[in-house]
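In: Structure for this input, please:
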Amino acid sequence: MGWKGAIRTVAATARRMEKDANRRQKIIAKELMAQDAALGVLDWELSVQKLTTVHHQLANFIDWTALLNKPQPSNQIPISKTTHQDRARFELDRFKPTLFDKLKGRAESKKQVLVDEYDKALGRDRSNHLLTLEEHKNTVLEWETDRALADRLLAGEDSAIKEVITEYQSLSKTDLIGSYISFSIENNLVHATPQVHSTDIVPNFRRKQLASGKLSQTDMPQSQFNALYQDYVASVALKVAGDLFKFLPLEEIFVTCESKMLNTATGRQEFTPILSVQFVRDTYQTLNLSTIDPSDSLANFNHVMNFKKTKGFSPIVPLG
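Out: Predicted coordinates for the structure are as follows:
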C-alpha cells in the first residue's frame with residue numbers, strides 16, 4: 001500500500017470511529033431521556049400517593065389503663081456506689097516504685113498521680129450518685145403524673161383531654177394535614193377541625209412515559225382532579241381521628257375539615273366546612289387503612305359531605 005492509500009485508510013478509520021461515537025452518543029442520550037422521563041413519572045406518582053395516604057402513619061397507642069395500673073417504682077433511695085473509688089484505690093494500693101523510679105526521684109510524683117486520680121474518682125462517684133438520685137426522683141414523679149392523668153382521662157374529665165391534646169398540638173406536624181387543627185372539648189366529646197390545604201396541593205397535570213421513552217404531560221381532567229382532592233380531604237380526616245383514638249380513651253371523635261373557599265357574599269377566600277364525620281372507635285379499628293379508598297371508607301360512618309366530581313366540594317353544616 002502506498003502512502004496515499006495509508007492516508008485514505010487512516011481517514012476511513014477516523015470516519016468510522018466518529019460514526020460509532022455519534023451512534024453511542026445517541027443511544028446514551030435516549031437512555032438518559034428515558035431515565036429522566038421515568039423519574040418524572042415516579043415523582044408525579046409519589047406526589048399523588050402522598051396526598052391519599054396521609055392516614056397511613058398514625059400516632060403511637062397510649063394504654064391509659066395500663067398506665068393507671070402500672071406498679072409504683074421502689075421508694076428505696078439508691079445507694080451510693082464506689083465503682084471509680086474502688087478501681088483507683090486498687091491501683092494506688094498496688095503501686096510499688098521500681099528501683100529506677102527511686103534513682104530518678106520519680107517515686108513520689110508517680111504516687112501523687114495515683115492519689116490525684118483517687119480524689120477525682122471520689123468526685124465521679126459522687127456525681128454519679130447525684131445523677132442516680134435525680135433519675136429516681138424523676139421516675140417516681142413521672143409515675144405519679146402519668147397515673148393521675150390516666151385516672152382523670154378514664155373518668156372523662158375534659159381538662160385531662162385538653163391537656164393531652166395540647167401536648168399533641170405542640171408535637172404533631174401538620175405539613176400535609178394543613179395549616180392548623182383546632183379542638184372543641186365538651187362533656188367528654190372531642191370535635192377536631194383541621195384547616196386542610198386548598199386544591200392547590202393537587203397537581204393539575206398527569207404524567208406518563210410513552211413507548212418511545214419520552215415523558216408525556218397532559219392536563220388532568222377536572223373530575224379526576226376533584227376526586228383526588230376529595231381523597232386527600234378524607235385521608236386527613238382519617239388521620240386526625242386515628243391519632244386521637246390512639247392517645248385518647250374515647251369511643252367517638254368528630255372531625256370537620258375546613259378548606260379555603262370563595263365567600264360570594266364577601267368576595268374573600270375563607271375557611272369553610274366541607275366534610276364532617278362522626279368516627280366510632282369500634283368501626284374505625286376494623287378498617288384496613290393501607291388498602292381502603294379514603295373517600296369510600298366514609299360510608300362506614302355518619303358524615304356530611306356535598307361533593308360532585310364535576311364541581312368538587314360545596315359548603316356544609318358540620319355535625320355535632
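
In: Figure out the length between the terminal residues of stretch 281-300.
Out: 11 Å (C-alpha to C-alpha, to the nearest Å).

In: Show me which positions of that stretch end up buried.
Out: Neighbour counts over stretch 281-300 (16 or more other C-beta atoms under 10 Å) mark 284, 289, 292, 294-295, 297-298 as buried. Yep, even glycine has a C-beta here, placed from its N, CA and C like the rest.

In: Farthest pair within those residues?
Out: Among those, the pair separated by the greatest distance (C-beta to C-beta) is 284 and 295, at 15.7 Å.

In: which residues in the stretch 151-300 of the chain form helices?
Out: Taking DSSP state H, counting those that start in this stretch to define them, one finds helices in the stretch 151-300 of the chain at 158-171, 222-247, 281-284, 294-297.

In: now the strands for the stretch 51-200 of the chain?
Out: Secondary structure of the stretch 51-200 of the chain (DSSP state E, counting those that start in this stretch): strands located at 180-186, 189-195.

In: hey, which of the helices of the stretch 151-300 of the chain is tucked in deepest?
Out: Of all those, helix 222-247 carries the top mean neighbour count, a mean of 22, counting by mean count of other C-beta atoms under 10 Å.

In: hang on, isn't residue 181 packed against residue 240?
Out: Yes - using C-beta atoms under 8 Å, residue 181 is in contact with residue 240, at 6.6 Å.

In: hang on, the earlier thing: pipe the buried residues of stretch 281-300 into CSV and attach distance to residue 218 per row.
Out: Putting these into CSV (distance: C-beta to C-beta, whole Å) gives the following:
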residue, distance to residue 218
284, 38
289, 31
292, 29
294, 25
295, 24
297, 29
298, 30
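
In: Could you pull up the contacting residues of the closest residue in space to residue 278 that isn't next to it in sequence?
Out: Nearest residue to residue 278, sequence neighbours excluded (C-beta to C-beta, 6 or more residues apart in numbering): residue 302, at 4.3 Å. Neighbouring residues of residue 302 by C-beta atoms under 8 Å, 6 or more residues apart in numbering: 277-278, 319.

In: Among those, show me the least confident.
Out: Among these, residue 319 has the lowest pLDDT, at 92.

In: separation between that one and residue 252?
Out: Noted for residue 319: a distance of 11 Å to residue 252, by C-beta to C-beta, to the nearest Å.

In: With residue 227 instead?
Out: Residue 227 is 28 Å from residue 252, where distance means C-beta to C-beta.

In: Can you report how many residues neighbour the closest residue to residue 320 other than its chain neighbours?
Out: Counting by C-beta to C-beta, 6+ apart, residue 320 lies nearest to residue 254, which is 4.4 Å off, once chain neighbours are set aside. Using other C-beta atoms under 10 Å, the number of residues around residue 254 comes to 20.

In: contacting residues around residue 254?
Out: By C-beta under 8 Å, 6+ apart, the residues touching residue 254 are 189-192, 276-279, 318-320.

In: Swap in 10 Å and give it another go.
Out: Contacts for residue 254 (C-beta atoms under 10 Å, 6 or more residues apart in numbering) come out as 184, 189-193, 241, 244, 276-279, 302, 318-320.

In: What of residue 258?
Out: Residue 258 neighbours (C-beta under 10 Å, 6+ apart): 178-180, 182, 193-196, 233, 270-276, 315, 318.

In: can you tell me which residues contact residue 208?
Out: Shown in contact with residue 208 (C-beta under 10 Å, 6+ apart): 37, 40-41, 44-45, 214-218.

In: ranking the residues you listed by neighbours, who comes first?
Out: Greatest neighbour count in the contacts of residue 208, by other C-beta under 10 Å, goes to residue 37: 20 neighbours.

In: Tell me the confidence at that residue?
Out: 63.

In: Repeat that for residue 105.
Out: 50.

In: Repeat that for residue 158.
Out: 92.

In: Likewise for residue 187?
Out: 86.

In: Now for it, how many residues are close by?
Out: If you count neighbours by other C-beta under 10 Å, residue 187 ends up with 6.

In: Torsion angles phi and psi at it?
Out: Main-chain dihedrals, residue 187, degrees, to the nearest 10: phi 50, psi 50.

In: Not counting its neighbours along the chain, what's nearest it?
Out: Closest to residue 187 by C-beta to C-beta, 6+ apart is residue 158, at 7.3 Å.

In: rewinding a little: when residue 319 and residue 252 are compared, which one has more neighbours?
Out: More crowded of residue 319 and residue 252, by other C-beta under 10 Å: residue 252, with 20 against 16.
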